[in-house]
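Q: coords below, sequence missing:
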């Protein structure tokens, strides 16, 4: 029996927590049962071209788009959105439309920016989700559970007033636990 109502599964966490690997694993299960799948990624993420690629090397072809308005089911039952934090606020309405149309939607993204603050549309998507996989990494300083994304610039933690969007991988980011996460210049609360 085919579901009439869509479902949203959000895969969130810090850098190096395995979000893309988990997405690819889940999408592969759909492919096994014959579900058609489409993956979207934002063009601000120029890493890996038109591939959604995990740090472990698994990958899937993705459609590269510049805004949420370009995301559609395209005749597919399963729609995946990689790095959702890069998309505009319109992504929430796009996801709602896909769900109303009965699609299964997956969205991955950083739940917090490098400052440790909620990142873009991710908090809203997490609130709308039917399922959430909140992944952790290993802190690259003390080896505790890493839940934060540490931006590194010139070998030092990036200051609070650094640009919010700065695309990079291990060259600019490390997973950190809350105790090892540093943001110089953080405003006092």
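A: Done, it's in. These figures come from a predicted structure and were not determined experimentally.
Q: can you tell me the distance between the two ends of stretch 166-179?
A: Its start and end residues considered, stretch 166-179 measures 23 Å (CA to CA, to the nearest Å).
Q: Can you mark which positions in it are buried?
A: 172, 173, 174, 175, 176, 177 (16 or more other CB atoms under 10 Å). Yep, even glycine has a C-beta here, placed from its N, CA and C like the rest.
Q: between those, which is closest to residue 85?
A: residue 173 (13.1 Å; CB to CB).
Q: average pLDDT for the longest helix anywhere in the chain?
A: In the chain, ranked by residue count with DSSP state H as the criterion, the top helix is helix 19-32. Helix 19-32 shows a mean pLDDT of 95.
Q: That one packs against which elements?
A: The helices and strands touching helix 19-32, judged by 3 or more CB pairs under 8 Å, 6 or more residues apart in numbering; DSSP states H and E, are strand 7-13, strand 37-42, strand 51-53, strand 59-61, strand 78-82, strand 104-110, strand 131-135.
Q: returning to that earlier point: now, the buried residues of stretch 166-179 that are in strands?
A: Using DSSP state E, 173, 174, 175, 176 are the members of those that sit in strands.
Q: need the residues you listed in TSV with distance to residue 5 and pLDDT, can you?
A: As requested, those are arranged in TSV below (distance: CB to CB, whole Å; pLDDT from 0 to 100):
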residue	distance to residue 5	pLDDT
173	37	92
174	40	95
175	35	96
176	39	97
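Q: Can you say which two of those are spatially most distant?
A: Pairwise distances among those were taken by CB to CB; the largest, 9.5 Å, belongs to 173 and 176.
Q: which residues does the closest residue to residue 112 other than its chain neighbours contact?
A: Once its chain neighbours are removed from consideration, residue 112 has its nearest residue in residue 119; the separation is 5.6 Å (CB to CB, 6 or more residues apart in numbering). The contact partners of residue 119, by CB atoms under 8 Å, 6 or more residues apart in numbering, come to 85, 109, 110, 111, 112, 113.
Q: Out of these, which is nearest to residue 12?
A: Within the set of the contacts of residue 119, residue 111 lies nearest residue 12; the separation is 4.0 Å, counting by CB to CB.
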